[in-house]
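Trainee: Got a sequence here, can you build the structure:
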Amino acid sequence: MLNRNVALVADTNKITASDLTTVAAALQKQATRDFGPIWGIQANVSGFAKLEDVPTDYWPVIVRDDIKQPGAAGVHEDKNGQPFALVQYSPDWSLTASHETLEMLGDPFGNRLVAGKSPKTGQGRVNFLVEVCDPSEDGNFGYTVNGVKVSDFYTPHFFDPVAASSVRYSYTGALTRPRSILKGGYLSWVVLQTNVWWQMLWFNSAKPQFRSLGVLSGKTTGSLRSTIDRLTPTPLEQRTVAAKATLRRAAKAPDEVGEAATARAAMIRQHIHALNSNQ
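Mentor: Below you'll find the model as predicted:
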């Protein structure tokens with residue numbers, strides 16, 4: 001299995017070297033422990049202080065102060081057809097970086113489609129765009145790795161024809177049915193008979209809503225994913241994360257992890273000192 005290499009790049013002075021390495025380590029663990037076994041992907045995530053340091057065979061996820069677009073700009077392709085992602089810096093930048101990293105790993109070139117039954121009555125079988133984080137992308141449904149907030153993601157069972165009680169539809173279990181979304185999320189697909197793209201969205205409404213994007217011919221810029229992200233009205237960072245009990249617990253996680261790591265570091269330093277004293 002080929003290894004996919006991702007570079008987390010801090011193209012901003014708002015992210016310290018310590019924060020960069022901490023988040024990169026969390027994304028590496030998420031990719032290796034959580035995402036990789038479910039999706040059959042082997043990945044390496046490393047942190048780099050500047051874009052010039054990134055090896056040429058790594059796919060960069062670049063965090064910037066201003067990406068000139070609201071929210072996460074999604075995955076693009078460079079002049080050689082290789083993927084890269086842009087992330088707008090925010091207090092929850094680790095959540096967005098996780099989102100973009102997982103979507104890049106799941107579909108590096110942003111054009112992967114999977115067939116399934118449409119959530120909209122009367123459309124029959126359609127082709128869904130694979131965006132593994134979008135249906136449950138709101139921070140309420142994320143979780144922490146090493147005390148770092150990361151995104152939930154759906155599993156391949158998300159496209160199953162029927163629901164089953166024993167099946168896991170997203171990593172956290174927040175999604176309980178195939179081809180469904182949670183508040184703050186969305187799902188995109190194309191009706192093959194008409195070539196019209198549709199979305200189910202749940203942003204500022206009491207329940208999910210459907211909307212037509214029309215035929216994308218003439219609207220496409222880059223990959224399907226980058227086009228859909230550009231046409232979707234409420235990007236990830238513009239939504240307010242509610243203060244739920246799960247988030248209150250998650251907010252404590254960095255302190256708990258930091259205390260444990262500090263204690264372990266002190267223990268190792270003492271051991272090193274003892275070793276040096278015996279020389």
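Trainee: all strands for the stretch 151-279 of the chain, in order.
Mentor: Taking DSSP state E, counting those that start in this stretch to define them, one finds strands in the stretch 151-279 of the chain at 186-191, 196-201, 209-215.
Trainee: With only the CA atoms kept, save whichever strand or helix holds His99 in PDB.
Mentor: According to DSSP states H and E, His99 maps onto helix 93-106. Presented in PDB, the C-alpha positions along helix 93-106 are these (Å, rounded to 0.1, in the frame of the first residue of the first chain):
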ATOM      1  CA  TRP A  93      -8.100  25.800  13.200                       C
ATOM      2  CA  SER A  94      -7.200  22.200  14.300                       C
ATOM      3  CA  LEU A  95     -10.800  21.100  13.600                       C
ATOM      4  CA  THR A  96     -10.700  22.600  10.100                       C
ATOM      5  CA  ALA A  97      -7.200  21.200   9.400                       C
ATOM      6  CA  SER A  98      -8.400  17.800  10.400                       C
ATOM      7  CA  HIS A  99     -11.400  18.200   8.100                       C
ATOM      8  CA  GLU A 100      -9.300  19.100   5.100                       C
ATOM      9  CA  THR A 101      -6.700  16.500   5.800                       C
ATOM     10  CA  LEU A 102      -9.200  13.700   6.000                       C
ATOM     11  CA  GLU A 103     -11.000  14.800   2.900                       C
ATOM     12  CA  MET A 104      -7.700  15.000   1.100                       C
ATOM     13  CA  LEU A 105      -6.800  11.500   2.200                       C
ATOM     14  CA  GLY A 106     -10.300  10.100   1.300                       C
END
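Trainee: Please identify the buried residues of the helix or strand following it?
Mentor: Using DSSP H and E, the helix or strand that follows helix 93-106 in sequence is strand 113-117. Of the residues in strand 113-117, Gly116, Lys117 count as buried by neighbour count, 16 or more other C-beta atoms under 10 Å. Just so you know, the C-beta spots here come from the backbone N, C-alpha and C atoms, and that holds for glycine as well.
Trainee: same question, stretch 148-159
Mentor: Within stretch 148-159, the residues that count as buried by 16+ other C-beta under 10 Å are Val148, Lys149, Val150, Ser151, Asp152, Phe153, Tyr154, Thr155, Phe158, Phe159.
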